[in-house]
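**Student:** Next come a sequence and a model predicted from it.
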Amino acid sequence: MPEETYDALFTSDFPQWIKVEVARQDELTAMNRTATTAKGTVEYACLGEGPVVLGIHGGPGGYDQALMLFDWLTRYGFSVLAPSRPGYLGTPLSSGKTPGEQADMYAALLDTLGIEKTAVIFGSAGGASGYEFAIRYPDRVTALVAADAVVSQYLMPANANAITEAIFLSGPGEQLISFFSTRFPKKTLHEFIQQESLLRPEQIDKQVETASQDPDQMRFFFRLVRSMSDYPKRKAGVDNDMKQFATLPDLPVNRIRCPALIIHGTHDSDVLFYHGVYARKNIPHAEELWVREGSHFCAWISPQVHDIQERIIKFLQSHR
């Protein structure tokens, strides 16, 4: 794959670059399938060959988000299994409302597909069910990677307001974001980081400039936006997450026995830093990767993103 440069972005070539990227997104989103499991209907997608990594999406999200944000793992000899969590896209809420029930659904999906063991990677709202999966099925999880993931009670961020919710958690709002992201990508990315971090304006400006010179980071940004679109098809999942997380106790992650890598941005204003610290301190022998000045998206959009992903690959390879 030829190395991409800044010249491919935000120049006369940008329309062609985004056209190619959208075509690839179309390929990935067309991979969805449906399985009938012992715990109900599950929409999912598979990509790649090699040891399986179960990718659990955040919210809003779906199988498409997990596939588009984790497909880079396939370049290193892994395959990605990406289910839609209950209430998102084609997986009905009846397949599991609580994080524990969703963990049982993942196990049932593995049974249906004939997969005995898997590594698991998750972030944000996928954290509660991802941790529960490792807690409940220790013999089936070879390794765990958590990125800015929920592990305890979660409430709407303090800096969120009615306008924020109207933009980021509504159908019309997501349509506007999709429109502006391809026409004013830097400005839209600035707004994303501002809403999901505690960074000062000048720190955000610096991160946006760095990201705008990195096709990989911009690719992740466009994919993140797309995986939040069609909000009405994801709303039931978001509403259920907010209901479940409002009373979520500190999960007993001390029972996790697999190797674990905990990644968290120090300036995440969505899933606050203490979630990562709690997981790191309570999972036996867990490794940490604290991302200085990292937002909620630091594993995909930050100046350290390539170092972070290299660490993830080495961690998974050492425990495959």
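**Tutor:** Good, I have the coordinates.
**Student:** Can you find the helix or strand of this protein with the lowest average pLDDT?
**Tutor:** Every helix and strand in the chain was compared by mean pLDDT, DSSP states H and E; the lowest is helix 162-168, with a mean of 49.
**Student:** by contact count, what packs against the helix or strand where residue 19 lies?
**Tutor:** Using DSSP states H and E, residue 19 falls within helix 14-29. In this structure, helix 14-29 makes packing contacts with helix 63-70, helix 215-226, judged by 3 or more Cβ pairs under 8 Å, 6 or more residues apart in numbering; DSSP states H and E. Placement of C-beta: from N, CA and C, glycine included.
**Student:** Let me know which of the ones you listed is tucked in deepest.
**Tutor:** Per-residue neighbour counts averaged over each of these give the maximum for helix 63-70, namely a mean of 28 (mean count of other Cβ atoms under 10 Å).
**Student:** tell me the angle of that helix relative to helix 14-29?
**Tutor:** Following axes from the mean of the first three to the mean of the last three Cα atoms, to 10 degrees, one obtains 120 degrees for the angle between helix 63-70 and helix 14-29.
**Student:** what does helix 63-70 contact?
**Tutor:** Taking contacts as Cβ atoms under 8 Å, 6 or more residues apart in numbering, the residues outside helix 63-70 that touch it are 25, 28-29, 31-32, 43-45, 47, 53, 55-58, 80, 82-84, 88-90, 121, 126, 220, 223-224, 226-228, 300.
**Student:** Swap in 6 Å and give it another go.
**Tutor:** Contacts to helix 63-70, defined as Cβ atoms under 6 Å, 6 or more residues apart in numbering, come from residues 28-29, 32, 43-45, 47, 55, 57, 80, 82-84, 223, 227.
**Student:** Run me through the strand neighbours of the next helix or strand after that helix, direction for each.
**Tutor:** Later in the chain than helix 63-70, the nearest helix or strand by DSSP H and E is strand 79-83. Strands that pair with strand 79-83, judged by DSSP bridges, come out as strand 40-47 (antiparallel), strand 52-56 (parallel).
**Student:** which residues sit in contact with residue 145?
**Tutor:** Under the criterion of Cβ under 6 Å, 6+ apart, the neighbours of residue 145 are 121, 261, 312.
**Student:** about what we covered before: got a markdown table for the strands paired with strand 79-83, with mean pLDDT, mean neighbour count and distance to residue 318 too?
**Tutor:** Putting the strands paired with strand 79-83 into a markdown table (pLDDT from 0 to 100; neighbours: other Cβ atoms under 10 Å; distance: least, Cβ to Cβ, whole Å) gives the following:
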| stretch | mean pLDDT | mean neighbour count | distance to residue 318 |
| --- | --- | --- | --- |
| strand 40-47 | 98 | 21 | 22 |
| strand 52-56 | 98 | 26 | 14 |
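**Student:** Any chance of those in a markdown table with distance to residue 211 as columns?
**Tutor:** Supplementary listing: those in a markdown table, determined by distance: least, Cβ to Cβ, whole Å:
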| stretch | distance to residue 211 |
| --- | --- |
| strand 40-47 | 24 |
| strand 52-56 | 22 |
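**Student:** which of the helices and strands packed on helix 14-29 has the lowest average pLDDT?
**Tutor:** Per-stretch mean pLDDT for the helices and strands packed on helix 14-29 is lowest at helix 215-226 (a mean of 93).
**Student:** Which secondary structure elements does it sit against?
**Tutor:** Where contact means 3 or more Cβ pairs under 6 Å, 6 or more residues apart in numbering; DSSP states H and E, helix 215-226 is packed against helix 171-183.
**Student:** what separates stretch 69-86 from the chain centre, distance-wise?
**Tutor:** Stretch 69-86 has its average C-alpha position 11 Å from the chain's average C-alpha position, going by Cα atoms, centre = their mean, to the nearest Å.
**Student:** That one spans what distance, first to last residue?
**Tutor:** Using Cα to Cα, to the nearest Å, one end of stretch 69-86 lies 19 Å from the other.
**Student:** Only the buried residues of the helix holding residue 19, if you could.
**Tutor:** 17, 18, 21, 25, 28, 29 (16 or more other Cβ atoms under 10 Å).
**Student:** where's the fifth one relative to residue 22, distance?
**Tutor:** I take that to be residue 28. Here the criterion is Cβ to Cβ, to the nearest Å. By it, residue 28 lies 11 Å from residue 22.
**Student:** just to revisit the earlier point, so which of the contacts of residue 145 wins on neighbours?
**Tutor:** For these, neighbours were counted using other Cβ atoms under 10 Å, and residue 121 has the most, 29 neighbours in all.
**Student:** Residue 56 is in contact with that residue, correct?
**Tutor:** No: counting by Cβ atoms under 6 Å, residue 121 sits too far from residue 56 to count as a contact (7.3 Å).
**Student:** which non-adjacent residue is nearest residue 47?
**Tutor:** residue 80 (4.9 Å; Cβ to Cβ, 6 or more residues apart in numbering).
**Student:** any idea how far the one you found lies from residue 57?
**Tutor:** The span separating residue 80 from residue 57 equals 11 Å under the rule Cβ to Cβ.
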